Structure formats: C-alpha cells, structure tokens
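>>> mind folding the following:
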Amino acid sequence: MNNDPQDLSLNRAKILAEVTIDGSALKFASQEFCADKHIVLEAVKQNGVALYYAADELKADHDVAAAAIGQNALAWNFVSPVLRSNREFMLEMVSKYADSLYFASDELKADREVVLAAIKYEPCSLEYAANEFKSDRDFVLQAIRQRGSAAQFIKDSLRADKDFMLPIIRQNPYIMEFASDGLKANREFVLSVVSFAGRALAFVSDELKADREIVIAAIKEHRWALEYASENIKDDKEFILEALNYSGQAFKYASAQVRCDKEIIIAATKLYSWALEYAVENLKADKKFILELVQINPRVMFYTSNLVKSDKSFMLQLVNFNGALLEYASSELQADRDVVLAAVKQFSGALRYAAVYLHNDPEIVHNVMIKR
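Sure thing, here's the model as predicted:
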C-alpha cells in the first residue's frame, strides 16, 4: 500500500468524487476508504444499497444507516443487527419509513412504544408487531382508527367478536372484509351491518348476498348495493321492481334479462329519467317503445340511440307531441326547417334549440310570436 499522505489524499478525493456521482462506486474503494465515514456517507446518500460495501462498523453507524435507508429501503438488508436492536435508532426509523418495524429485533417488535410509533406512521405495521399486540383490543383499535386495512392483521379471536367488529365496521364499512367467515355468514350480524353500511354487502357470505331482506336493507342505505348481490337476486324481476322503490341504481345492476323487460323499464322511468341509460341497446332504438317512455318522462330522449335522434319522421312525431323535445334531436334536425317549424308550433320556447340561422326565418318567427 502506498502510504504517501499526498497520494492518499488524492485517492481519497478521487473516490469521494466518484461515489458522490455513483454511490455503487464504493465497491472499487479500498478497505480503508470503505471504513471512511465521510466517503461512505456520501455514497449511501447517492445510492442507499452501497451500504453493502461499507465496513461493518459503519453498517452499525446511526448516521450512515439512516442516510442509506432514507435513500433506498433495500439498504435495510445490510444494516447491522446491532442497530436493529437499538431502541433509539428504531424509534426514529419507524417514525419515518414504512415497513421499518419488519426489520426490528424481536425484542423491539414487542416494545409497546416502538410499535405504537410504527403504527402511528404506518398503521399496517401491525402486521410485524408481536402477536400479543394483535389481540390487544385497545392497541388494535388505535391502529384501525388510523387505517382500516390494519384490521387484516388482528387475531382471529377479535375478527369473530361481534361486539368488537360492529363499531369499527360502523366507522369504516370496508373493515367487514376482515371479519371472520362466521360473522360474514351470521344473518343477524349482517342485517345489522348493512342497515348502516350497505356497501358492506360486498363482503358477506354468498348465501346472505341472496337474502332478499338483507339486500333490500343494504339498498336502502346504499343505493349501489345491488352490485354486490347474488346473480339470482339481480335476475329476479319482482325483486328489482321492489328495489326500484329505494334506488334507481337497482336497474343499473339488474341482469341483462331484466334490463330487457319493458315493464321494468317503464316502472324505472316513472321514478328516474336516466333509467333508459342502462337498458339493452336495442331498446334504446325501439321507436314505438321510446314514444311510450317519452310520454312518461321526456328526458329519456337523452339516453336514446343517435339513430333515433336523427330520424326525421320520428322526431317530427315527437315535436308535434312536445316541441321541447327538439332539444334532443340531432344537430342536423335542429337545423331542419320542417322539424323546427313543427316544434315551435307546439312550443314557442323550442326556438332556443334550433340552429341560429333559423331564428330569423319569417314563418318560424311568426309561429313563435303567435304562441306567445
């Protein structure tokens, strides 16, 4: 080894410059430089995984390890077990970086303060805590209140506890996903849950997704709940008719067969103008059927096919019935003199939907003035 101070200084400056640009260049450094805290610190700041090449004593150095982890969490793989057992160091890491608790010593995974600090930053750190914490009600509640998904790491005994699960599901319906299979199949419990959290229907047993009373209770609370019901329920015409009393979205999630049923569509249209949006496509172009629906709710025209909206003879028939329906005609027909004239004869206000150049048409203007 060349011990010339000047050469060492030059070499040190060279490796320092190199690791500042590319931390992995530390692998080409001598043992002496791999034990130089300043050089290693610069290397891991640029590439945390460069900690692999550091001397053992620096893998146990608080500043170096913290810098490496901050740059790349993979650096944890090279941190000394001494630091993983260091309470002060781990308290700092779990408060800054997710999953840090995973790398803590078993002793610190059982340290209440360390685990609480980890959960405060990342609630799902509960996964890595000692088992005693996963069955500790107060501890688990603290984690779940911060993030519901932490519930997936609690002990089975708590997942099956009705008194424990009910209030946290009330707080966050998605926690129902982590309830025990027994609770998901418990009719009384599920009925209670969907009455205040209809979307929780997504996580109950298949048998209860086909329970009419439970599904109706869910729909009453959450209008999109039918999405999670069984296919048999979605294909039940009588059930869908009942569900429409509580949510128009029930028609959206009904089976294709039900959405082909004109009786159902008529019933839905009486309650919701947009029901036709979810009907099968061929019915959106069924002129005879559309004419019937328009008399129930004119706004259904918004959801009809473009072919209907551009059919001159059909649109003439419609505007003779209700001139305001000119609003839904194609742009070509809104510029068609015959269609516009027929519309304003029935309703003078239809002029607002006509092409601008027709606003000065003498006969059209005359009919508008007569109506006024």
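
>>> which residues of the stretch 1-150 of the chain score low on pLDDT?
1-10 (pLDDT under 70).

>>> which residues sit in contact with the nearest residue to His62 once chain neighbours are set aside?
Closest residue to His62 apart from its sequence neighbours, by Cβ to Cβ, 6 or more residues apart in numbering: Phe89 at 5.6 Å. C-beta: built from backbone N, CA, C; applies to glycine. Counting by Cβ atoms under 8 Å, 6 or more residues apart in numbering, Phe89 touches His62, Ala65, Ala66, Leu83.

>>> any of these buried? List them.
Ala65, Ala66, Leu83 (16 or more other Cβ atoms under 10 Å).

>>> on that earlier part again, mind checking how far the residue nearest to His62 is from Val82?
9 Å (Cβ to Cβ, to the nearest Å).

>>> Asp22 now?
28 Å.

>>> I'd say Phe189 and Met176 touch.
No - Phe189 is not in contact with Met176 according to Cβ atoms under 8 Å; the separation is 9.8 Å.

>>> more neighbours: which of those two?
Met176 (25 against 20; other Cβ atoms under 10 Å).

>>> what's the more buried one in contact with, if anything?
Ile169, Lys184, Val193, Ala197, Ala200, Ala202, Phe203, Val204.

>>> quick check: closest non-adjacent residue to Asp61.
That would be Lys37: by Cβ to Cβ, 6+ apart, it lies 6.6 Å from Asp61.

>>> and if you look at Asn131?
Lys155 (7.3 Å).

>>> next: Glu292.
Ile266 (7.3 Å).

>>> helices or strands up against the helix or strand the one you found falls within?
If you go by DSSP states H and E, Ile266 is part of helix 262-271. Using 3 or more Cβ pairs under 8 Å, 6 or more residues apart in numbering; DSSP states H and E as the contact test, the elements touching helix 262-271 are helix 237-243, helix 249-252, helix 287-296.

>>> can you tell me how far the residue nearest the centre of the chain sits from Ala151?
In the chain, the residue lying closest to the centroid (Cα atoms, centre = their mean) is Tyr174, at 11.4 Å. Distance, Tyr174 to Ala151, by Cβ to Cβ: 9 Å.

>>> ok so, going back, just checking, the residue nearest to Asp61 touches Ala65?
No - in this structure Lys37 lies outside contact range of Ala65 using Cβ under 8 Å: 11.5 Å.

>>> re earlier: for the contacts of Met176, give me CSV that also has neighbour count, secondary structure and distance to Ala335.
Converted to CSV, these look like this (neighbours: other Cβ atoms under 10 Å; DSSP: H, G, I helix; E, B strand; the rest coil; distance: Cβ to Cβ, whole Å):
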residue, neighbour count, secondary structure, distance to Ala335
Ile169, 25, helix, 57
Lys184, 22, helix, 59
Val193, 30, helix, 56
Ala197, 21, coil, 52
Ala200, 27, helix, 52
Ala202, 17, helix, 49
Phe203, 20, helix, 54
Val204, 27, coil, 55
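
>>> need the max-distance pair from the residues you listed.
Lys184 and Ala197 (13.3 Å; Cβ to Cβ).

>>> neighbouring contacts of stretch 181-199?
159-160, 162, 165-166, 169-170, 173-174, 176, 200-201, 203-205, 207-208, 211, 213-214, 217-225, 228.

>>> residue contacts, Ala254?
Contacts of Ala254 (Cβ under 8 Å, 6+ apart): Leu226, Lys234, Asp235, Ile240, Ile264, Tyr278.

>>> and what about it, helix, strand or coil?
coil (DSSP: H, G, I helix; E, B strand; the rest coil).
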